[in-house]
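Novice: Quick one: sequence and predicted model below, then my questions.
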Amino acid sequence: MHTVLPASKLLSSELELAESRTATPERLRVLHVVNRLDLGGTESGILKIIAGLGDEEFTHGVCTARGNSVQFSQDRPFSGQLFDAGGPASRFQFLVGRFARIMRQYRPHIVHSRNWGAIEAVFAARLAAVPVVIHSEHGYELDMLKGLPMRRRLIRRAAYAAADAVFTVSSDLRDYHARQIGISREKVNVLVNGVDSERFAPRPEKRLACRADLGLPGDSFLVGTAGRLVAIKDQALLLRAAKILVERGFELSVALAGDGPELDNLRSIAASPSLFGRVHFLGVSRNIADFLNALDVFVLPSVSEGMSNTVLEAMSSSLPVVATRVGGNPELIEDRMSGLLFRVGEVAELVEHLSKLAANSELRQALGASARARILRDYRLDSMIERYRNLYMQLAARRKIVSVRAA
């Protein structure tokens, strides 16, 4: 079971939170710091939080260590200020001074850094006398799985001690970092992700139209996944499973939404005689909701995960999800109730799960309905936004930011 950040960790009473709301009549400036602003789950989550918090109580800036590749639009709006401390080709490995200069310019009340790539912002915020400093961890990288190097452990330990609050998005990730840097797990909170359950909703009447719009087959049993095409996501395992199923006589197609360094390798697997013409590479899709409505089953074969936003979106869309038993996946998916879990790299288990789902539409519907109910109960976007709002307000109250002046 996950634990949501309790108010008692930060404030002594609900009254104090109520007082913070009335004592802060103008907007709190929040600076979100991230390694790069890409189309990944962490970056999308930042934009969701900014949009969800609105501009009545908050104003937001985003600072990157290594650049920005996001094109903002009506579908992906952002009206705050953007800063870059280094740039994508920067040779600077020590960015504390640059972060601090940006903070002195922007004058945030709150700095919120995310993941290892932005951890120097914690020290920069203290150097720049920022009142509130938050750091959060949102996922794994492939090189983390064998354990953190001593240098990273020591720096993280110092950063966690310097921050006013530290949290992760899953209990598994919380336990990993507490264990790696040698601190009590009680010092790290968990604040789970949420999903827009209205945008990501089942629309079976649009299934064929979504497939047609995406250039996908209308009558095939269609499994798919979405996300960066990187080694840690192990999309190759899905293609290997699909190859086995096709060779066993299943009429099956695969759709992959995303881009990344593994694309050429995945294309080479898809070029095999068994899979030729059955694997559809969609690139970076801006309409993931339609993509999910086109699928029969969503598969996440990752080697490791923090808390997958695409799993949340698939579950919210009433899709049966088949995912590896790692990271935050077992916290989201109740095995055999709201989805199916399998061991990392076990293609035979994945084949067994997919063959059952292909042959049993009632099982698909039951798992999908249970998944949707779980999202509506525990993982709604508005609940996540309220948790972030409370965290920011609570810490601002603790630092006695009682009169927030607009920039």
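Specialist: Yep, that arrived. Numbering: from 1, shown residues only.

Novice: Just the helices from the stretch 301-407 of the chain, written as ranges.
Specialist: Secondary structure of the stretch 301-407 of the chain (DSSP state H, counting those that start in this stretch): helices at 309-316, 329-332, 347-359, 361-378, 381-398.

Novice: deepest of these, which one?
Specialist: With neighbours defined by mean count of other Cβ atoms under 10 Å, none of the helices of the stretch 301-407 of the chain is more surrounded on average than helix 309-316, at a mean of 28. (Each C-beta comes from the backbone N, C-alpha and C, glycine too.)

Novice: From the rest of the structure, what touches that helix?
Specialist: Judged by Cβ atoms under 8 Å, 6 or more residues apart in numbering, the contacts made with helix 309-316 from elsewhere in the structure are 41, 44-45, 193-197, 200-201, 225-227, 288-289, 292, 295, 298, 300, 305, 321, 323, 329, 332-333, 338-339, 371-372, 374-375, 379.

Novice: Among those, which are located in strands?
Specialist: 225, 226, 298, 300, 321, 323 (DSSP state E).

Novice: thinking again about what came up before, nearest to residue 261 among the helices of the stretch 301-407 of the chain would be which one?
Specialist: helix 309-316 (18.4 Å; Cβ to Cβ).

Novice: between the closest one and helix 361-378, how big is the angle?
Specialist: 110 degrees (axes from the mean of the first three to the mean of the last three Cα atoms, to 10 degrees).

Novice: Any chance of the ones in strands among the contacts of helix 309-316 in TSV with distance to residue 283 and pLDDT as columns?
Specialist: Supplementary listing: the ones in strands among the contacts of helix 309-316 in TSV, determined by distance: Cβ to Cβ, whole Å; pLDDT from 0 to 100:
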residue	distance to residue 283	pLDDT
225	14	97
226	11	95
298	18	98
300	19	98
321	22	98
323	23	98
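
Novice: sorry, back to before: would you list the buried entries among the contacts of helix 309-316?
Specialist: 41, 44-45, 193-197, 200, 225-227, 288-289, 292, 295, 298, 300, 305, 321, 323, 329, 332-333, 338-339, 371-372, 374-375, 379 (16 or more other Cβ atoms under 10 Å).

Novice: Quick check: beta-bridge partners of the closest residue to residue 62 other than its chain neighbours?
Specialist: Closest residue to residue 62 apart from its sequence neighbours, by Cβ to Cβ, 6 or more residues apart in numbering: residue 32 at 5.0 Å. Partner residues in beta bridges with residue 32: residue 62, residue 112, with DSSP bridges as the criterion.

Novice: How about residue 253?
Specialist: For residue 253, the beta-bridge partners under DSSP bridges are residue 222.

Novice: quick one: which helix or strand includes the residue sitting furthest away from the middle of the chain?
Specialist: Using Cα atoms, centre = their mean, the residue of the chain lying farthest from its centre is residue 249. It sits 36.0 Å away. Here residue 249, judged by DSSP states H and E, is contained in no helix and no strand.

Novice: oh, and call the first residue 13 from now on, that's how I've got it
Specialist: With the count now opening at 13, the last piece we talked about shows up as residue 261.

Novice: Distance check, it against residue 45.
Specialist: Summarising the geometry, the distance separating residue 261 from residue 45, computed by Cβ to Cβ, to the nearest Å, is 52 Å.

Novice: and what of residue 121?
Specialist: The span separating residue 121 from residue 45 equals 14 Å under the rule Cβ to Cβ.

Novice: Same check on residue 406?
Specialist: Looking at residue 406 against residue 45, where the rule is Cβ to Cβ, the gap reads 20 Å.

Novice: Over to residue 92?
Specialist: Residue 92 sits 13 Å away from residue 45, going by Cβ to Cβ.

Novice: What of residue 133?
Specialist: Using Cβ to Cβ, which is the criterion applied here, residue 133 is 4 Å from residue 45.

Novice: Can you check which residues contact both of the two?
Specialist: With the criterion set as Cβ under 8 Å, 6+ apart, the overlap between the contacts of residue 133 and residue 45 is 75, 111, 123, 125.

Novice: Could you pull up phi and psi at the closest residue in space to the first one that isn't next to it in sequence?
Specialist: So the one you mean is residue 75. Closest residue in space to residue 75, ignoring its immediate chain neighbours: residue 95 at 4.2 Å, by Cβ to Cβ, 6+ apart. Dihedral angles phi and psi of residue 95 (degrees, to the nearest 10) take the values phi -130, psi 150.

Novice: for residue 95, what are its contacts?
Specialist: 43, 73, 74, 75, 76, 114, 117, 118.

Novice: In PyMOL, how would I select just the buried ones from these?
Specialist: Only the buried members of the contacts of residue 95 end up in this PyMOL selection, burial being decided by 16+ other Cβ under 10 Å:
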select buried, resi 43+73+74+75+76+114+118
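
Novice: and the residue lying closest to residue 302 once chain neighbours are set aside, what helix or strand is that in?
Specialist: With Cβ to Cβ, 6+ apart as the measure, residue 222 is the residue that lies nearest to residue 302, at 4.3 Å, once sequence neighbours are left out. Using DSSP H and E, residue 222 maps to helix 219-226.

Novice: the inter-axis angle of that helix versus strand 233-238?
Specialist: Relative orientation of helix 219-226 and strand 233-238, computed by the same axes, to 10 degrees: 60 degrees.

Novice: Report the buried residues of helix 219-226.
Specialist: The neighbour-count check on helix 219-226 (16+ other Cβ under 10 Å) flags 219, 222, 223, 226 as buried.

Novice: now for that helix, which elements pack on it?
Specialist: helix 300-306 (3 or more Cβ pairs under 8 Å, 6 or more residues apart in numbering; DSSP states H and E).

Novice: Quick one: residues in contact with the helix it packs on.
Specialist: With Cβ under 8 Å, 6+ apart as the test, helix 300-306 has contacts from 211-216, 218-219, 222-223, 225-226, 228, 234, 236, 238, 267, 269, 294, 297, 310, 322, 325-326, 329, 331.

Novice: Contacts for stretch 260-269 next, please.
Specialist: The contact list for stretch 260-269, computed with Cβ under 8 Å, 6+ apart, reads 226, 228-229, 232-239, 241, 247, 250-251, 254, 257-258, 278, 282, 287, 290-297, 300, 303, 306-307, 366-367, 370.
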